[in-house]
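Engineer: Kindly generate the corresponding structure for this input.
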Amino acid sequence: MIYALLDQVKAAMEGMLKPAEVESVVGHAEVRALFKSSKFGTIAGCYVTDGICKRNAKTRLSRDSAVIYTGKVASLRREKDEAREVRAGFECGMTLQDYQDLRVGDIIEFIQVDLVRRSL
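Structural biologist: Down below sits the predicted model:
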């Protein structure tokens, strides 16, 4: 009886814990060309070098091995159509949310954030 009560209290306490965020890299893209648009700003023409580039993923922009921007993708397109994801070996166009200072040769890293339940 006491053991069942202890298990219930432990489960209740675990439910109150904030889940841990675990980041995993799902893909990389290299900026190969830049296009200016009056409507969208700077559009990066990218080549996906490995993994998958996802529209709703968190991103890190690296230039000369230093991370200079962390944010989200505002738009991801493949051949003038909106895309949810683009796989390795394909080209795509993308804009980053609240960031316009892109350069040819920049590396964009796509990160998936998973919530993991914590335990006592």
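Engineer: Would you map the strands across this structure?
Structural biologist: Using DSSP state E, the strands of the chain run over 20-37, 41-54, 58-63, 66-78, 81-82, 85-87, 91-96, 107-116.
Engineer: I figured I107 hits T59, correct?
Structural biologist: No: counting by Cβ atoms under 8 Å, T59 is not a contact partner of I107; they are 10.4 Å apart. Where C-beta positions appear, they are placed from N, C-alpha and C, glycine not excepted.
Engineer: Mind checking which of these two has more residues around it?
Structural biologist: The neighbour comparison of I107 against T59 (other Cβ atoms under 10 Å) goes to T59, with 21 against 17.
Engineer: can you pull the contacts of the more buried one?
Structural biologist: The neighbourhood of T59, defined by Cβ atoms under 8 Å, 6 or more residues apart in numbering, consists of 69-73, 96, 108-111.
Engineer: Could you count how many residues lie near A57?
Structural biologist: Quick note: A57 (other Cβ under 10 Å) scores 20 neighbours.
Engineer: For it, give me the pLDDT.
Structural biologist: Looking at A57, its pLDDT is 86.
Engineer: Also L6?
Structural biologist: 77.
Engineer: now that we're looking at E79, how far away is K58 from it?
Structural biologist: Distance of E79 to K58, given as Cβ to Cβ, to the nearest Å: 25 Å.
Engineer: So which of these two has more stuff around it?
Structural biologist: K58 (16 against 9).
Engineer: In contact with that one, which residues are there?
Structural biologist: Neighbouring residues of K58 by Cβ under 8 Å, 6+ apart: 23, 70-72, 110-113.
Engineer: low pLDDT regions in the protein?
Structural biologist: Counting by pLDDT under 70, the ranges of the chain that qualify are 120.
Engineer: Show which residue of it lies farthest from the average position.
Structural biologist: The centre of the chain is farthest from one residue, M1, which by Cα atoms, centre = their mean lies 47.3 Å away.
Engineer: rewinding a little: of the strands of the chain, which approaches M13 most closely?
Structural biologist: Closest approach to M13 among the strands of the chain is made by strand 20-37 (15.4 Å; Cβ to Cβ).
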